[in-house]
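>>> This is a predicted model, with the sequence first.
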Amino acid sequence: EVQLQASGGGLVQAGGSLRLSCAASGFTFDGYAIGWFRQAPGKEREEISCFVFNDGTTYVTDSVKDRFAISRDNAKNMLYLQMNSLRPEDTAVYYCNTIAFADGDIGGSWGQGTQVTVSS
């Protein structure tokens with residue numbers, strides 16, 4: 001069973017930092033493009049950063065560029081998101097998942113995600 005569980009969220013003041021972790025199991029971790037997504041209240045879920053399949057190239061959406069950094073440890077089946085200079089508009093539930101699932105190409109679920117709340 002494919003499982004991805006995000007953790008590490010919390011309440012932080014604007015300008016602070018958090019590091020999110022994603023534990024993956026049930027699939028060949030280094031065989032998939034995988035990334036971070038978030039959904040703010042009243043908004044659609046958006047992709048914020050991901051690894052492009054197998055070549056190490058990363059994508060980062062403009063709103064978090066220069067503040068967030070994605071990394072992965074294939075040996076541990078772990079994905080990370082270092083978030084610096086957090087802003088109130090970064091408040092959202094953060095999820096990790098494969099890009100294939102996000103695109104509707106394979107089955108799965110979003111899981112519970114991890115809540116990040118940034119106070120002003």
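Thanks, I have the structure now. Note that the structure is predicted; figures quoted are calculated from it, not measured.

>>> Model confidence for the closest residue to Ala40 other than its chain neighbours, exactly?
Nearest residue to Ala40 in three dimensions, chain neighbours excluded: Ala92, at 4.1 Å (CB to CB, 6 or more residues apart in numbering). Using the backbone N, CA and C atoms, a C-beta is placed for each residue, glycine as well. Listed pLDDT for Ala92 reads 98.

>>> In contact with Ala92: list those residues for me.
With contact set as CB atoms under 8 Å, 6 or more residues apart in numbering, Ala92 has these partners: 38-41, 43, 115-116.

>>> Restrict the least confident helix or strand in the chain by mean pLDDT to CA atoms and write it as CSV.
Of the helices and strands making up the chain, the lowest-confidence element is helix 99-102, at a mean of 88, by mean pLDDT, DSSP states H and E. Taking Å, rounded to 0.1, in the frame of the first residue of the first chain, the C-alpha atoms of helix 99-102 are listed here in CSV:
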residue,chain,number,x,y,z
ILE,A,99,3.2,13.8,-9.0
ALA,A,100,1.5,10.9,-10.8
PHE,A,101,-1.2,10.8,-8.1
ALA,A,102,-1.6,14.6,-8.2
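
>>> Against which helices or strands is it packed?
For helix 99-102, the elements it packs on are strand 34-39, strand 46-51, judged by 3 or more CB pairs under 8 Å, 6 or more residues apart in numbering; DSSP states H and E.

>>> quick one: buried residues of the first one?
By neighbour count, and taking 16 or more other CB atoms under 10 Å as the criterion, the buried residues in strand 34-39 are 34-38.
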